[in-house]
Every structure is written in C-alpha cells, then in structure tokens.
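**Student:** build the 3D model from these lines:
(one chain, ligands or ions: 1)
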Amino acid sequence: MSVSERDILAAMSKVMDPELHVDLVKAGMVKDIRLNGDAVKLKIELTTPACPMKGKIQADAEAALKAVPGLKSFDIEWGAQVRATGGAGPGQQGQALLPGVKNIVLVGAGKGGVGKSTVAVNLAVSLAKHGAKVGLLDADFYGPSIPLMTGITERPVSPDGKTLNPMIKHGLKVMSIGFLVESDQALIWRGPMLHGALMQLVRDVNWGELDYLILDLPPGTGDVALSLSQSVRAAGAVLVTTPQDVALADVVRAKQMFDKVHIPVLGIVENMSQFVCPNCSHTTHIFNKGGGRKAAEMFNISFLGEVPLDLKVRESGDAGVPVVAGAPESLEAKAFMEIARNVAGRVSAESARAIRLPVMQAR
Ligand SMILES: Nc1ncnc2c1ncn2[C@@H]1O[C@H](COP(=O)(O)OP(=O)(O)OP(=O)(O)O)[C@@H](O)[C@H]1O
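**Tutor:** Numbers count the residues shown, from 1 in each chain. Purely as a prediction, here's the structure:
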C-alpha cells in the first residue's frame, strides 16, 4: 500500500497546536513533504523558537505519523518562523512605523519596584537564548535601569545624523532613554515631549529585523502605553507583580489601563514569589503566597510564571549580567526561561488571532 502526501496531511491535521487551538495543517506549519516509497521527510515550522508546547506537538506528530498505514519511517525537521502581530487593532494604527519588527511586547507594572525591568531584561535574554531575534527598549523615562542591568556604559552612535544604532549586548539590540539623557533630566518628561522622545526611540533606532521588541514601560502611569497605542500595534503586555494582596489592586489598575488602550494583556508574572534560604533550603513566602496567580484567575488571563526572591537576581542585575546569562543553571534563570516560553506562546496566539486563524480563547 503506497503512502500519499494526502495521507501525511491527514495525519498532521489530527495534531493540534495546544496554544493556538488549531491543527498543524490549518496553521500552515507543515512544509516540504517529501515521500520516498514508504518513508517520508517533512518540516514542521513552529510559530516561535521558544515554543512552550514543542514537546507535546512533537510527541503527537510522531504518534500521528506512526499511525499512517504503510508508512515505515519518518524524519521530521523542526524549525520556527515567528509570525507578526501585524494589522491594526481598535485604536491602533498598524505597524508601519516598524516594518521589520514582528512583535512588540510591553512589560508593565501597576507600581514601582516590583522587578519590572528585571523581568524585561531577563525575558529578552531568554527569548534570544531560545534563538529569537530580540530587541530591548527601555522606555522607563522616570528611572531607566536597563543600562545598569545590561552593563552598557557606552553611548549609541548615529550613522547618518538622523537615526541611532542600538547597542549590542547579551545577544540583544538595546536602546534606553538612559543612554541619551542625564538621569536628573529624566524626571521632567511630560505630555508631547514624552510622546516625541518615545517615538524617536521606537522609530529612529535601526532595529532591523526583530522577532520580538521588548519594551520596559514606566510603572503605573498610562502615558507611555497611551502614547504607544496611538502609533504602533503591540502584541500585548506582560504585567509584573509581587505576591502580596495589596499588589492585587495595582494589577487591577494596570489591567484596566491596558484594556482602555486596547492592548491585550498576555499574562501575569509573579516576582519575588518566595525566598529559598541558601543555607538550609527552607522556603519562606516573604511577600505572601500566590497573589499573581489569584489575580490571573480573577481576570481570566494567563499566569506566565513566578520568579523567586534571590540575592543572585539583584547582584546580577547590578553587575550588568542578567541572571539568565550569568547563571543559566540557577532556579531563577530556569524560571525566566519558562516565562519566556509562555510569553512567546501567548504572542503566537495573538498573531494567529491577528491573521484570523480560528483561535479559541485560551488561558
Ligand atoms: N526576584 C528578585 N530577587 C531579588 N532581587 C530582585 C528580584 N527582582 C528584582 N530584584 C531587585 O529589586 C530591585 C528593583 O527591581 P527592578 O528595577 O527590576 O524593578 P522595577 O519594577 O523595574 O522598578 P522601577 O519601577 O523603579 O523601574 C532591583 O535592585 C532588582 O535587582
């Protein structure tokens, strides 16, 4: 009994992408089917190199091919092609400003000091380590900390007097308002000036081709989010919180702010979730337990993961080597890598929605 391309496609159409809630054939992930008698070679192109579901998709695809009558062997080449959350959403004007940037991911928090910049920088490095092309833009006008956290002390140069080249560090293209102004100047940003400076950072930087541009927003206020939503289409926002109950109110405010400007919330990251004593390994929930997860449940949005409170995270941030780069085997680095996979998965779901694949509401 000979095997046909149609048999292979039929088998692959039984395999679902659990994040996109669509089968691999409909999602356009099955490529280059080459039959040779009772053997087949094919390529499966995931929607991100940081796919959180790769293990499941791989197991399901292999099981589906094993069940094809007459097929004796198969060879799957795994690849990834990040898709863009292009097109305009309500209140948004599309991505014409940044044609080479596929997805803009905002990192925000209801209040300061919860570790938003730490999450932004480690998320960016994690995505790059997974093989994605990543940029990191520090738009925290009131307290830019990305220069310190990435260890960049040089200033960006302009190749033509109009645009700026981003700095390159830890596998990222990095730009920060902190490279361009003195820190005491950063406090006076307001209204049109803030919008102008933000647009300059977004538009006049030679970002080139990026799968993800991670944007570290200032805490609390909606000025920057509002300004951005008028000019670019963000894939969505990651909300960072600490676990105590009082932080919940800030998450509520942040969620409402993003809803108002029609930016989807991709999910919640709980930072400083517990402290594991380096001497006796006893776990203490210094800021209480489970606030981020509770908030995610309350709003029916994804819980993207939790990061322990650990001296390494603070020290590595201060030393300019994010923990994911400096201590990749640590519990904290692994937590960030998992959060990055979850964020990439949620962005893929948003891009599927943008190109109107039949994606069901996923949690
Ligand atoms: N999980 C963690 N464990 C230990 N220290 C942490 C952790 N997360 C963040 N920190 C430290 O807490 C401080 C505040 O973090 P960070 O600057 O990332 O917060 P932020 O929310 O961006 O603050 P701001 O609102 O001022 O911009 C930093 O010194 C950082 O190194």
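**Student:** who in the stretch 251-363 of the chain is up against the ligand?
**Tutor:** N271, M272, V307, L309, D310, V313, R314, G317 (C-beta under 6 Å from any ligand atom). For the C-beta atoms, the positions are set from N, CA and C on the backbone; glycine is no exception.
**Student:** ranking those by neighbours, who comes first?
**Tutor:** Using other C-beta atoms under 10 Å as the neighbour test, those are led by V307, with 27 neighbours.
**Student:** can you pull the phi/psi pair for that residue?
**Tutor:** Here is the backbone geometry of V307 (degrees, to the nearest 10): phi -120, psi 130.
**Student:** out of the residues of the stretch 251-363 of the chain next to the ligand, which sit inside strands?
**Tutor:** N271, M272, V307, L309 (DSSP state E).
**Student:** adding pLDDT, write those out as CSV.
**Tutor:** Formatted as CSV, those follow (pLDDT from 0 to 100):
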residue, pLDDT
N271, 91
M272, 83
V307, 93
L309, 87
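**Student:** low-confidence ranges, the stretch 101-250 of the chain, go.
**Tutor:** Applying pLDDT under 70 to the stretch 101-250 of the chain picks out residues 183-190, 221, 245-247.
**Student:** ranges for the helices of it?
**Tutor:** With helices called from DSSP state H, counting those that start in this stretch, the stretch 101-250 of the chain shows them at 116-129, 146-150, 177-180, 191-203, 223-229, 245-260.
**Student:** quick one: closest of these to D216.
**Tutor:** Closest approach to D216 among those (C-beta to C-beta): helix 116-129, 4.0 Å.
**Student:** hmm, the closest one touching the ligand?
**Tutor:** Yes - using C-beta under 6 Å from any ligand atom, we find that helix 116-129 touches the ligand at K116, S117, T118.
**Student:** any quick ChimeraX command for the buried ones out of the residues you listed?
**Tutor:** Selection of buried members from the residues of helix 116-129 next to the ligand for ChimeraX, criterion 16 or more other C-beta atoms under 10 Å:
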select :116,117,118
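**Student:** by proximity to the ligand, which residue of the stretch 151-300 of the chain wins?
**Tutor:** Nearest to the ligand in the stretch 151-300 of the chain, going by C-beta to the nearest ligand atom, is P219, at a distance of 3.9 Å.
**Student:** name the nearest residue to that residue, sequence neighbours excluded.
**Tutor:** Sequence neighbours aside, G112 is the residue nearest to P219 in space, at 4.1 Å (criterion: C-beta to C-beta, 6 or more residues apart in numbering).
**Student:** with just CA atoms, put stretch 320-333 into PDB.
**Tutor:** This file holds the C-alpha atoms of stretch 320-333, laid out as PDB (Å, rounded to 0.1, in the frame of the first residue of the first chain):
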ATOM      1  CA  GLY A 320      25.100  44.200  34.300                       C
ATOM      2  CA  VAL A 321      24.900  40.400  33.600                       C
ATOM      3  CA  PRO A 322      21.200  39.300  33.800                       C
ATOM      4  CA  VAL A 323      20.900  36.100  35.800                       C
ATOM      5  CA  VAL A 324      19.700  34.200  32.700                       C
ATOM      6  CA  ALA A 325      23.100  35.000  31.000                       C
ATOM      7  CA  GLY A 326      25.300  34.800  34.100                       C
ATOM      8  CA  ALA A 327      23.800  31.800  36.000                       C
ATOM      9  CA  PRO A 328      21.800  29.900  33.400                       C
ATOM     10  CA  GLU A 329      21.600  26.800  35.600                       C
ATOM     11  CA  SER A 330      20.000  28.600  38.500                       C
ATOM     12  CA  LEU A 331      16.400  28.100  39.600                       C
ATOM     13  CA  GLU A 332      15.800  31.800  38.800                       C
ATOM     14  CA  ALA A 333      17.200  31.600  35.300                       C
END
